[in-house]
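Chemist: sequence unavailable; structure follows:
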């Protein structure tokens, strides 16, 4: 799960890995309330809805190829995730921001999912 830390790892990456591990030891996805995991890169946002008890990914979505991963596309991705989750009978999730700060695209994604009816 976590990136291997070496002496050449940047301090910024070390802080992010520590934050990710701190978050993950507190939350767990179950069948009734799966984990909504956000992965953020410069080009895209990816979402996975995971049941940790069975170690199974229920579904995943990603921003469309060729489109920039800005706040508007993050909000739309949040709405799409909520629609697909509700379609599969999932109303409540645990939000896992994967060490990213709750700001910008991550916050926009969460707001879009809440707006579309997902509870977390």
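Modeler: Alright, I've got the coordinates. Values in this document were obtained by computation on a predicted structure and should not be read as measured data.

Chemist: so the residue positioned nearest the centre of the chain, which of the three states?
Modeler: Against the mean C-alpha coordinate of the chain, by Cα atoms, centre = their mean, the closest residue is residue 38 at 1.7 Å. Under DSSP: H, G, I helix; E, B strand; the rest coil, residue 38 falls in the strand class.

Chemist: next one: residue 83
Modeler: Per three-state DSSP, residue 83 ends up helix.

Chemist: so what's it up against?
Modeler: The neighbourhood of residue 83, defined by Cβ atoms under 8 Å, 6 or more residues apart in numbering, consists of residue 116. The C-beta positions use only the backbone N, C-alpha and C, and glycine is treated the same way.

Chemist: can you tell me how far it sits from residue 105?
Modeler: Distance of residue 83 to residue 105, given as Cβ to Cβ, to the nearest Å: 19 Å.

Chemist: any weak-confidence spans in the protein?
Modeler: Confidence mapping of the chain against pLDDT under 70 gives the ranges 1-3.

Chemist: tell me where it has strands.
Modeler: With DSSP state E, the ranges of strands along the chain come out as 35-40, 45-51, 56-62, 94-96.

Chemist: now tabulate those in JSON lines and tack on distance to residue 118.
Modeler: JSON lines is the format used below for these (distance: least, Cβ to Cβ, whole Å):
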{"stretch": "strand 35-40", "distance to residue 118": "8"}
{"stretch": "strand 45-51", "distance to residue 118": "10"}
{"stretch": "strand 56-62", "distance to residue 118": "13"}
{"stretch": "strand 94-96", "distance to residue 118": "9"}
